[in-house]
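# Pasting the sequence and the predicted coordinates here, then a few questions.
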Amino acid sequence: MLRTMLRIRLFEDRVGGLAHGLPGVPAAGFRGGAEAVVTGVCGALRPRDRVFTPGDPHRRLLAKGFDLAVIVREALGSDDSRTLGKGGWADVVDASRGLFPCGGEMWGPAVATGTALSDHRLGRPHVTAVVVPPSTPAGLFHESVRTAERWSLPVVFVVDASRCEDRRVPSLVDRTRLGDVPRRSVEGGDVVAVTRAVNAAAREARSGGGPCVVEASLTTPCTALAATEDRPVCAHDPIAAYQSRLEALHPTVRRAVATIAAQEDAAVEEAVTAVRDRLVLPDPEVAAVGLYAHGPERVAS
Amino acid sequence: MTVASPITTASVRQAMLDAIAEAMADDGSVVLVAPGRGDRAPERAADPADESGDAVDPGRVLVPPSDAVALGALCAGAAAGGLRPVLDLTAAADPRAALSQVESVAAGMYYRTGGQASCPLVCCVEASAWESPFARLVNAPGLKAALLSGDADIRALVLSAIRDPNPVVLVVEDTERIGGLASVALAAPADDATTERPAALGPAAIRRTGTDVTLVAIGAVTATALAVAGDLSEDGISAEVVEIRTLAPLDVDTVLESVARTRRLVVCEDAPGFCSVSGEIVASVAGVALPLLKAPPRRVTREHTPRPGAPGLRERVEVTERDVRAAVRHVMGPYAAM
């Protein structure tokens, strides 16, 4: 889990500076922090379970362990990217790893609920998890949750309110009438707690218990702010928190963490360099073709 | 001569549900998602016994808990995941919220995923729910849109839409006009009307052959065009009527072939003309066949206003037989000697 969180952070640092303005990369940069939530969600689920992260669509690829070069190709709009340069990492599809188009921040919860509906109706044993920011429109979130409840769909709705700035946004869960849908609150900066909460919710959903809402928020005051050159870091930094936890258990962890960080940094650097040096952008003529599907080709399993 | 029963809103829905039931029998992944409306309990709105006997499998009718706010995106996700959902919004108070999700999520899915995922979703809406759905639908690349304007077409188009791997919006047009279309079809002489109607999405249908002018009619306004064509034949004007049944993809080729024969064009559309499908047809013909035309093409469209309430005002802004007749005479009259 530490490795995954480090990979997310290092990747965002590297690719965010490289690819602004290119397909799939938010022009305003990445929303740093909160690596614990997506890491915990993906760590709690089975490989083929569905994961939607419409607010940060690249993070599910990283947390699912996708090849870094594949992700970088998508970021740079490479000719040999999975979406052929026409979409971005929100549009990467890989049913064997539970990836379907995210549907955007606005509609992501509903798209995820629809995918769960298909799994449920077609008898597949998968659970769907959707990680949404607290700024998600409450009405749409409400309707997605209540629809999943009515049809007993195996969906885990995770509200990621674990960034310090999320404190300024009223709780999405409080703004939603959940009815009888179970709600779990968890410390969003604690990757272990998130993993446990999502694991329990997924187990219940898989056994026919219907949807669950997990709210991952900051439960302790944000008092220890310290700034680095690029990013404000506070006591809620999930990587630092998890590292401290490990070090308390094993004094030798510090050296191991340094090794992991160096390995991940090198892996990200290598992937970015390799793709960038051999980057071939798509033939512009490709943009005008492929609007309609013609055959029975489908991605569903 | 074809014998048809009068077409009503109920019969259109019945034909749709029959076709959906037929598709369900063929394909286990087809489900009907049907939100209710205020004057009927949701379960009743989708109750197969309500309108279609035992045809639709009740186990495959899904009634969502509330209105249609997130249903478009939900059905897009379901379609990507392997179902073939039919989202019936004909009973929804306002289908536009759900439709915007079909446009923004489903329409571009095949393209944006580089062909990795298709989105076979069908969305049924009523045209009367808002002012002008046509131009909006054709401006969502990746979306197909067809018009349900006759009972023989409904089964074919619904089946074709459900089997299509792309998202399709089926627009149920104003039933008053549809009823008019049926009565005109009944009255038309067998040797003067083309009764064969293409079943697949896309092709336009030549409803009446002629040599002097091409009357392109978009959907249910075909009834008006056919009535005018019948009247004009008594004056010696032979009008060919081309019915546009699918808005996207638009069958411009059939229109061009007809115009190449008649060399005159009038396009009728029951929608405001500004940035409209009729405008696109005229532009497409002008871009290819302008030198062929004996007269500048004309359009007959609704005024660019909301639908007024009073009968007199409504007639003023809508497409009438008089408007169509005047447009045909305009392209025929001053240029008839050319």
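Yep, that arrived. Numbering: from 1, shown residues only, chains lettered A, B, ... in the order given.
# Is the one residue in the stretch 151-300 of chain B that gets nearest to chain A in a helix, a strand, or coil?
Residue nearest to chain A within the stretch 151-300 of chain B (C-beta to the nearest C-beta): B:Pro165, separated by 3.9 Å. Placement of C-beta: from N, CA and C, glycine included. Secondary structure for B:Pro165, judged by DSSP: H, G, I helix; E, B strand; the rest coil, is coil.
# In this structure it contacts A:Ala293, no?
Yes. In this structure B:Pro165 lies within contact range of A:Ala293 using C-beta atoms under 8 Å: 3.9 Å.
# more neighbours, these two?
Under the neighbour definition other C-beta atoms under 10 Å in any protein chain shown, B:Pro165 and A:Ala293 were set side by side, and A:Ala293 has more, 21 against 18.
# Now do the more buried one against B:Val221, distance only.
31 Å (C-beta to C-beta, to the nearest Å).
# For the stretch 151-300 of chain B, which segments count as helices?
Applying DSSP state H, counting those that start in this stretch to the stretch 151-300 of chain B gives helices spanning B:151-163, B:175-187, B:222-234, B:252-262, B:277-289.
# and those helices as TSV, adding distance to chain A and mean pLDDT?
TSV is the format used below for the helices of the stretch 151-300 of chain B (distance: least, C-beta to the nearest C-beta, whole Å; pLDDT from 0 to 100):
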stretch	distance to chain A	mean pLDDT
helix B:151-163	9	83
helix B:175-187	28	52
helix B:222-234	26	92
helix B:252-262	16	96
helix B:277-289	16	95
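# could those go into JSON lines alongside mean neighbour count?
JSON lines is the format used below for those (neighbours: other C-beta atoms under 10 Å in any protein chain shown):
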{"stretch": "helix B:151-163", "mean neighbour count": "22"}
{"stretch": "helix B:175-187", "mean neighbour count": "19"}
{"stretch": "helix B:222-234", "mean neighbour count": "22"}
{"stretch": "helix B:252-262", "mean neighbour count": "18"}
{"stretch": "helix B:277-289", "mean neighbour count": "18"}
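# wait, which of these is closest to B:Val324?
With C-beta to C-beta, the closest approach to B:Val324 among the helices of the stretch 151-300 of chain B belongs to helix B:222-234: 4.5 Å.
# and the closest one, what other elements does it pack with?
helix B:175-187, strand B:205-208, strand B:213-218, strand B:239-244, helix B:321-332 (3 or more C-beta pairs under 8 Å, 6 or more residues apart in numbering or on different chains; DSSP states H and E).
# which helices and strands does the second one pack with?
On a contact count with 3+ C-beta pairs under 8 Å, 6+ apart, strand B:205-208 meets helix B:222-234, strand B:239-244.
# So which of these is nearest A:His142?
Using C-beta to C-beta, those put strand B:239-244 closest to A:His142, at 40.0 Å.
# any idea of the angle that closest one forms with helix B:321-332?
120 degrees (axes from the mean of the first three to the mean of the last three C-alpha atoms, to 10 degrees).
# which residues sit against strand B:239-244?
Strand B:239-244 is contacted by residues B:147, B:149, B:204-219, B:222, B:225-226, B:228-229, B:232-233, B:250-251, B:254-255, B:258, B:261-262, B:277, B:281, B:328 when judged by C-beta atoms under 8 Å, 6 or more residues apart in numbering or on different chains.
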